[in-house]
Every structure is written in C-alpha cells, then in structure tokens.
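[1] build me a structure from this.
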Amino acid sequence: MRKLIPQDPTHIGPYRLTHRLGTGGMGRVYLARTPSGTQVVVKVVLPSLLEESRLAEGGTDYRGRFAREAELASRVGGFYTAEVVDSDPEADPPWIAYAYIRGRSLGEALQEGPIDPPSLRALAAGLAEGLQAVHSSGLIHRDLKPGNVILAEDGPRIIDFGVARPTEGSSMTATGHLFGTLPYMSPEQAEGAPLSPASDVFALGTLLAYAATGVNPFDSTSGPRVLLRLVSPPPVGLLASLPPDLRSLIAACWNHDPELRPSPGLIIERCARGAPRTWPPRLLPPGASAPPDRLRAEGPTQPPWPPWSPNTPQGDWTP
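    Below is the predicted model:
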C-alpha cells in the first residue's frame with residue numbers, strides 16, 4: 001500500500017481515493033472510501049491503454065473488458081471472492097469498485113518464504129472451494145496465481161476476473177494473444193486449445209508448488225521457454241521434499257489430460273479435515289486475529305492421498 005502521488009486522481013465516481021494498492025497489466029487499483037466512510041477497492045483502466053485503444057483501429061476494447069469483468073465477478077459473489085459493489089465502464093476512466101477484504105495477497109506473503117505443509121493443506125482446501133464456486137457459476141478463472149489470492153482472516157479469496165470467461169465456448173487465444181499469466185497457465189492454455197474448469201486445477205497445482213517450495217517450475221527467462229516447459233512432462237521431482245499427500249495432490253493437478261485431474265470437490269474432501277484452524281501469524285495482516293476457519297470442520301481426517309513416488313502415474317489420485 002502506497003500513498004497517492006500527484007498524478008493520481010483523488011476521486012473516482014463517488015469514491016475518495018486514499019492509497020495505491022498496485023498496478024497490473026490493464027489497470028491500477030486504489031483503496032478508497034465511500035461517502036459514508038466504508039472502505040472499498042477501486043480498479044481503473046490505465047489511461048495509456050485507453051489512449052492506445054482509441055488511436056489503434058481494432059484495438060482492445062478495455063471498456064468492454066471492464067464491463068465483462070464486473071458482470072462475471074458478480075456471478076460468483078459471496079464468500080469466495082471480492083463482491084462487486086459498483087461499476088461504470090462508460091466513465092473516463094472506466095472503473096469497478098469491490099468490497100475491501102482485509103488481508104495480504106498470497107504473493108506478498110510468499111516473498112517471506114514458503115509456507116508449512118499444514119497451512120498448505122488449508123490453502124489448497126480454501127482455494128478449491130473458491131474454484132468450485134467459480135466453476136458452479138459457469139466460469140473459468142484463467143488467471144489463478146499468488147497475486148490474485150487474498151489471505152483473509154477466515155480463508156483465501158480469489159480475485160481479479162479480468163480474463164475469466166464462461167465455460168461454454170471458452171478458448172485461450174484471441175487475435176494472436178494469450179490471456180493469463182504464462183508460468184501459471186495449463187498446457188492447453190499454452191497450446192491455445194479449448195479450456196475446461198480443469199485448467200484452473202492445473203494452475204492451482206502450480207500455485208501450491210510455488211507456495212510450498214518458493215519455486216515456480218514453469219517459470220523461465222523468456223516466454224517461449226515457459227511455453228515449452230508447460231507442454232513438457234511435469235517437473236514432479238521438485239516435489240520430493242514435500243509430504244506424500246501433497247506431492248500426490250500437486251502431481252495429480254499437473255496431469256496433462258484435463259479429465260484426469262482431481263476435481264475441486266475431491267481436493268476439499270482430502271485437504272480440509274485435519275488442516276489448521278487458523279493461518280500462521282506471518283500470513284495474517286498486522287494486528288489481525290484469526291477466528292476458526294470455515295473449512296476446518298470437526299471430525300476424523302479423510303484418508304491420505306495415495307503415496308507418491310517418481311514412478312507414480314500422473315493422475316493417480318483416487319483412493
């Protein structure tokens with residue numbers, strides 16, 4: 001969170017901006033307050049992109065993309081993402097206001113190092129429940145990564161539906177462009193093939209591997225190298241130091257056959273029970289207390305994931 005600079009607007013729509021939260025490929029995000037003082041998050045299109053689309057014939061319709069983002073994020077709503085409060089894609093610049101979620105981004109938290117296996121199980125269960133809600137709403141997120149996860153006190157939230165698409169007819173490419181973040185794509189995304197909700201499960205596996213080891217095994221020094229790694233055999237050797245159940249989970253998420261990846265429901269079933277009831281202190285925002293997590297139900301733990309070994313077939317995740 002940073003103070004506003006002179007080039008920043010002071011108001012967007014009815015909201016008074018107070019701080020900068022970050023800048024992405026399409027927009028800038030601010031912390032703001034409503035006229036009554038309630039905190040919200042306001043995302044605006046970068047002015048340079050609006051000018052570029054105005055001057056370039058056939059350029060990207062950023063207003064249309066913002067309108068779609070607001071509509072798609074509103075489909076999920078509820079507990080699993082930031083609720084859309086208001087939007088105006090026809091404003092100059094276009095903007096979307098989201099409910100403010102108190103918490104750190106997973107990307108920020110992981111800058112301090114990997115997280116422990118119990119917390120990783122809780123993270124896996126919480127994100128799988130979020131993906132279940134996204135997919136039940138008829139959507140594919142297409143950009144699940146640490147920067148798009150907020151660690152709220154009572155569980156993770158999935159944010160940023162800027163490149164999400166309805167499940168039916170979803171494809172990865174348009175006018176030669178790839179949508180998403182390269183090192184967190186699935187092989188079918190990298191190849192421009194039609195997508196299914198299982199593409200988000202592959203990304204979940206990569207996110208969990210990074211959270212556990214501090215390394216994204218698909219990242220590299222250039223885009224073509226990343227794409228080559230995505231379509232090559234999964235780097236399961238990186239997981240050797242993890243507990244067997246987590247190794248098997250991530251390896252199953254990385255199956256190149258989308259139909260053989262575990263469903264979010266199965267991930268919840270295997271990871272939720274027995275996971276810790278709170279985040280460790282370093283994952284919480286300063287001064288936060290951690291109430292019992294909604295996922296940590298009482299009761300016996302589920303059977304473990306099948307033991308993993310270098311010879312375990314991809315997708316061998318069934319009991």
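[2] residues in contact with the closest residue to Pro217 other than its chain neighbours?
    Nearest residue to Pro217, sequence neighbours excluded (CB to CB, 6 or more residues apart in numbering): Pro235, at 4.1 Å. All C-beta spots, glycine's among them, are computed from the backbone N, C-alpha and C. Neighbouring residues of Pro235 by CB atoms under 8 Å, 6 or more residues apart in numbering: 217-218, 229.
[3] what pLDDT does Pro235 get?
    On the pLDDT scale, Pro235 is placed at 91.
[4] same check, this time on the one 3 residues further on
    On pLDDT, Leu238 comes in at 91.
[5] that one: neighbour count?
    By other CB atoms under 10 Å, the residues close to Leu238 number 17.
[6] wait, is it part of a strand?
    No. Assessed with DSSP: H, G, I helix; E, B strand; the rest coil, Leu238 is helix; it does not lie in a strand.
[7] and the contacts of stretch 88-95?
    12-13, 42-47, 50, 62-64, 66-67, 70, 87.
[8] filter the contacts of Pro235 down to the buried ones, ChimeraX style.
    In ChimeraX, a selection of the buried entries from these looks like this (16 or more other CB atoms under 10 Å):
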select :217,218,229
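[9] just the buried residues of the contacts of stretch 88-95.
    Here, 16+ other CB under 10 Å leaves 12, 42-46, 50, 62-63, 66-67, 70, 87 buried among the contacts of stretch 88-95.
[10] in helices, which of the residues you listed appear?
    50, 62-63, 66-67, 70 (DSSP state H).
[11] quick one, longest helix in the protein?
    In the chain, taking DSSP H as the definition, the longest helix is helix 117-136.
[12] show me what that one is packed against.
    Here helix 117-136 touches strand 155-158, helix 198-213, helix 244-253, helix 264-271, going by 3 or more CB pairs under 8 Å, 6 or more residues apart in numbering; DSSP states H and E.
[13] the inter-axis angle of the second one versus helix 117-136?
    Using axes from the mean of the first three to the mean of the last three CA atoms, to 10 degrees, the direction of helix 198-213 lies 160 degrees away from that of helix 117-136.
[14] what do you get for the last one?
    Computed by the same axes, to 10 degrees, the angle separating helix 264-271 from helix 117-136 equals 160 degrees.
[15] now, which of the buried ones among the contacts of stretch 88-95 sits nearest Ile250?
    Closest approach to Ile250 among those (CB to CB): Lys43, at 31.0 Å.
[16] how about the contacts made by the closest one?
    By CB under 8 Å, 6+ apart, the residues touching Lys43 are 27-30, 95-98.
[17] hey, what's it bridged with?
    Val29, Ile96 (DSSP bridges).
[18] please apply the same query to Arg157.
    Bridge pairing for Arg157 - DSSP bridges - gives Ile150.
[19] how much space separates it from Tyr62?
    24 Å (CB to CB, to the nearest Å).
[20] go on, Tyr30?
    According to CB to CB, Tyr30 stands 17 Å off from Tyr62.
[21] same question for Thr10.
    Relative to Tyr62, Thr10 is positioned 22 Å away (CB to CB).
[22] which SSE is Val85 in?
    Assessed by DSSP states H and E, Val85 sits inside strand 84-88.
[23] neighbouring strands - and their directions - for that strand?
    Take DSSP bridges as the rule and strand 84-88 pairs in its sheet with strand 95-99 (antiparallel).
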